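> Pasting the sequence and the predicted coordinates here, then a few questions.
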Amino acid sequence: MTPKKPKVGIYSVTGCMGCQLNILFQEDLLQLLDYIDLAAFPGGLEKNDDESSDFDIIFMEGVVVNENEIEFVKKIRDRTKMLVAIGACATDGCVPAIKNFTDKCAVIEATYKNVKHNIEEIQKNLKSVDPAPIDKFVKVDYYIRGCPMDKVEFLKFMKTILMGKEFKAANKPICHTCMLQENGCLLDQGRECLGPVTIGDCSVMCPHFNHPCIGCRGPFPDANFHAYFDNLLKRGIDPATTMQRLNKYAGLKFKEMIEKQFETGEHENKDEKKVTEDMYCRLAPGKHDLHLKPNKE
Amino acid sequence: MDINLNHITKIEGHASLKLRIENNKVVFCELGSFEGARFFEGILEGRRWDEAHEITSRICGICSTAHTTCGLQAIEKAMGIQVSKKTELLRELVTIGERLRSHATHLYFFALPDFLGFESAIAMASKYKNEVLRAVKLMKVGNRIVEIVGGRNMHPFCSVPGGYTHVPSREQLAEMRQLLQESIPDVEETVKLFAELDYPDFHHKAKYVCIQPDSAFPLISGRIVSNDGLNVDPSDYEKHFDEYVNPYSTAKFSTYQGKTYMVGAMARTNNNWERISPRTKALVDKLKIIFPTDNPFMNNLAQALEMVHWTEKAIEICNMDFRFEGLPKFDVKGGRGIASGEAPRGILFHDYTLNNLGIITKVNIITPTVQNLRAMNEDIRGFVEQVLEKKSLAQEEIILKIESLIRAYDPCFSCSTHFLKVNWV
């Protein structure tokens, strides 16, 4: 007797749909579908099981940006045994969460500048909340990271789960993968690479293509930010501009970690207090600093 | 009769429709999106010049390359950077890769099930296994091209302002060439399949707007042209294109000289019918396909034709040799840059103003679906009334017809960054 196929759903809140498409782009898509019962996937199916709550796995894409989506995410959580956040939006907030580091009214105003509406009215209708990853509202069991979601990691996850094993998240930074690939260090070239503080096991590896790591996989849990900023300064890179890069894909989580390390003095190195002040002024909510130094690259 | 479609399936992003029919007339039609607002234009203000293309890429998963390329070109115009011919060719190649997979996804996974009477491509796989396998194969080819040239299959990062950080090796070019050559029969089959489908006989005269390079088929750059004689540089777009808010929907709508217009594969094919590649021409003659047309359902066929055209062009590019030119070097300076390109689903505008430190101070982005939205709303009205004139239908049948019309436009509601929720009571 063949074991019962797991009942799988793929849902999304606000996002670019890239992660869902990356599921469609799986090279062995049809084979994969033999092993699962795909009961809900509004992105690709006409008939979806939007009611029942006996799902085994639900994959969730996107970032929560309004009140309705908070409710939606909570409902989804109640319908499934396992909730998996796919892609940087769902795991870390991604680009929409940059809004958290800016003057929010100015951001809305800039987007609707040609529109004759008052900002308060627009805000009321949008029911906007501060963009946040879904684990701010519900418990997430697994994370498949990357912007877009790592295709290879997704397949690995499916295989592991289908074999009934526990999926283990990466516990090494990008630098580890990079060294195995024998890439030259981009930080040594004075380029703002986020490899040392980003979770590794990435199947894409920007540094392999001579492009600095953009940090889309989110913070590496054991990252040492004191040492990282220190190293940036040594190589002539302004940590303040690197801050802007850190808040692009996983800003909320990076910020939390950095603040914790600097407040508790974890990993502290006495010489680089000046970095903290400089850094916080960029992270603090408020108007963007329009006088950043232009990058040499 | 009231029709409420809260979640239109099998399109990019989230959209909903409200429709009221009285005495076979549509009295009320609201098509919009409930994609949450992400405020891209606001987010970009205050970011550095080298982040614009990276952030705008995230507007949309399936058109990420189009947004990246268009964003890069706008930044380059603002700072007066000239890129090499080889860089342009690589940008074309990566855009072609995206076009192939986007069209394949839309045609086979979103549009075709409607015509063959299946609820999804996955359900279709049992009876039409060849078709589904062909789709998967074409998507794979497109993905592989974007992956090789752009570094990853979505949100490519290898192209940066001024050039590339990495170029494909000779072996990789050979691999792409082989993949493309092997897919020629597949794309030709696609055209045959979509030429023989039974499209509804619905006509709606519209303005067709696309970009047009000097002599080639539109892809990443060119002047803005329309079928009523418009021919302007992208930097003049503001004089002709406008965004406004409609009282019945909070979504932004776009007009061309105050009128409705259509963008996308059909607009491109209509306006550039003489420029299709020889192989496409031969196929068109054999199958007796006639363009220009004013049936919006033909957008599907136009996409299929584009796949043949671009496969042929991509092979030409893969026959060349690329050498790494070093990281681009230039001075950062201020200015305004406007660029337009063709995303798979239509013309796209990026407009940035930079201060002299290279920080973005003002942004405007107009995406294809925003531009098509008005035409889609008008077509839904026209089409439903035409269908009901002939015979009365049950609600489910009307919904099916409307959905297939909406899907023919290949809308991408993720792209429409300005969209608000429709049911705003």
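Sure, I can see it.

> only C-alpha atoms for contact and neighbour calcs from this point on.
Noted.

> Write out the residues of the stretch 101-250 of chain B neighbouring chain A.
Residues of the stretch 101-250 of chain B found near chain A (C-alpha under 8 Å from any C-alpha of the partner chain) are B:109-110, B:119-122, B:136, B:139-140, B:143, B:151-152, B:154-155, B:157-158, B:165-166, B:243-245.

> pLDDT wise, what is residue B:289 at?
Per-residue pLDDT puts residue B:289 at 91.

> In terms of helices and strands, where is it?
Take DSSP states H and E as the rule and residue B:289 turns out to sit in neither a helix nor a strand.

> Count the neighbours of the closest residue to it other than its chain neighbours for me.
Of all residues not flanking residue B:289 in the chain, residue B:195 sits nearest, at 7.2 Å (C-alpha to C-alpha, 6 or more residues apart in numbering or on different chains). Residues near residue B:195, counting by other C-alpha atoms under 10 Å in any protein chain shown, number 20.

> Let me see the contact set for residue B:195.
Shown in contact with residue B:195 (C-alpha atoms under 8 Å, 6 or more residues apart in numbering or on different chains): B:287, B:289, B:301.

> so the residue lying closest to the last one once chain neighbours are set aside, which of the three states?
Okay, so that is residue B:301. Closest residue to residue B:301 apart from its sequence neighbours, by C-alpha to C-alpha, 6+ apart: residue B:194 at 5.6 Å. Following DSSP: H, G, I helix; E, B strand; the rest coil, the label given to residue B:194 is helix.

> ok, residue B:194 touching residue B:305?
No: the pair residue B:194 and residue B:305 does not pass the contact test of C-alpha atoms under 8 Å, sitting 9.4 Å apart.

> Walking through the stretch 151-297 of chain A, point out its helices one by one.
Ranges of helices within the stretch 151-297 of chain A are A:151-162, A:174-180, A:225-234, A:239-249, A:251-264, A:273-283, based on DSSP state H, counting those that start in this stretch.

> what's the least confident stretch among the ones you listed?
When the helices of the stretch 151-297 of chain A are ranked by mean pLDDT, helix A:273-283 comes last with a mean of 52.

> List just the nearest of the contacts of residue B:195 to residue A:9.
Proximity of these to residue A:9 (C-alpha to C-alpha) peaks at residue B:301, which lies at 31.9 Å.

> picking up where we left off before, now the residue nearest to residue B:289: how far from chain A?
According to C-alpha to the nearest C-alpha, to the nearest Å, residue B:195 and chain A sit 23 Å apart.

> Okay, that residue and residue B:288: tell me how far apart.
Here the criterion is C-alpha to C-alpha, to the nearest Å. By it, residue B:195 lies 9 Å from residue B:288.

> can you check residue A:67 too?
If you measure residue A:67 against residue B:288 using C-alpha to C-alpha, the figure is 53 Å.

> So residue B:194 and residue B:305 - more neighbours on which side?
Shown here are residue B:194 and residue B:305; by other C-alpha under 10 Å, residue B:305 has more neighbours (28 against 21).

> quick one: contacts for the more buried one?
Residues in contact with residue B:305 (C-alpha under 8 Å, 6+ apart) are B:191, B:280.

> Likewise for residue A:58?
Under the criterion of C-alpha under 8 Å, 6+ apart, the neighbours of residue A:58 are A:8, A:9, A:10, A:11, A:76, A:80, A:82, A:83, A:84.

> correct me, but the second one touches residue A:40?
Right, residue A:9. Yes: counting by C-alpha under 8 Å, residue A:9 touches residue A:40, with 4.5 Å between them.

> between those two, who's got more neighbours?
Between residue A:9 and residue A:40, counting by other C-alpha under 10 Å, residue A:9 is the more crowded of the two (25 against 21).

> show me where the stretch 301-425 of chain B has helices.
For the stretch 301-425 of chain B, applying DSSP H, counting those that start in this stretch gives helices covering B:368-390, B:395-408.

> who does residue B:210 bridge with?
Counting by DSSP bridges, residue B:210 forms beta bridges with residue B:225.

> does it really touch residue B:342, like I thought?
Yes: counting by C-alpha under 8 Å, residue B:210 touches residue B:342, with 7.4 Å between them.

> Can you say which of the helices of the stretch 151-297 of chain A is packed in most?
Among those, helix A:239-249 has the highest mean neighbour count (mean count of other C-alpha atoms under 10 Å in any protein chain shown), at a mean of 23.

> Does anything pack onto that helix? Which helices or strands?
Here helix A:239-249 touches helix A:87-92, helix A:225-234, helix A:251-264, helix A:273-283, going by 3 or more C-alpha pairs under 8 Å, 6 or more residues apart in numbering or on different chains; DSSP states H and E.

> which residues does the residue nearest to residue B:301 contact?
The contact partners of residue B:194, taken as C-alpha under 8 Å, 6+ apart, are B:300, B:301, B:304.

> try residue B:341
Residues in contact with residue B:341 (C-alpha under 8 Å, 6+ apart) are B:66, B:69, B:70, B:211, B:219, B:220, B:221, B:222, B:347, B:348, B:349.

> per-residue pLDDT, it?
In this model, residue B:341 carries a pLDDT of 94.

> Over to residue A:201?
So, for residue A:201, pLDDT stands at 90.

> Without its sequence neighbours, what residue ends up closest to it?
residue A:170 (5.9 Å).

> burial count for that neighbour?
Per other C-alpha under 10 Å, the neighbour tally for residue A:170 reads 13.

> Ok, residue A:67 next?
Residue A:67 has 14 neighbouring residues, counting by other C-alpha under 10 Å.

> Surely it and residue A:127 touch.
Yes: the pair residue A:67 / residue A:127 is scored as a contact, 5.8 Å apart, by C-alpha under 8 Å.
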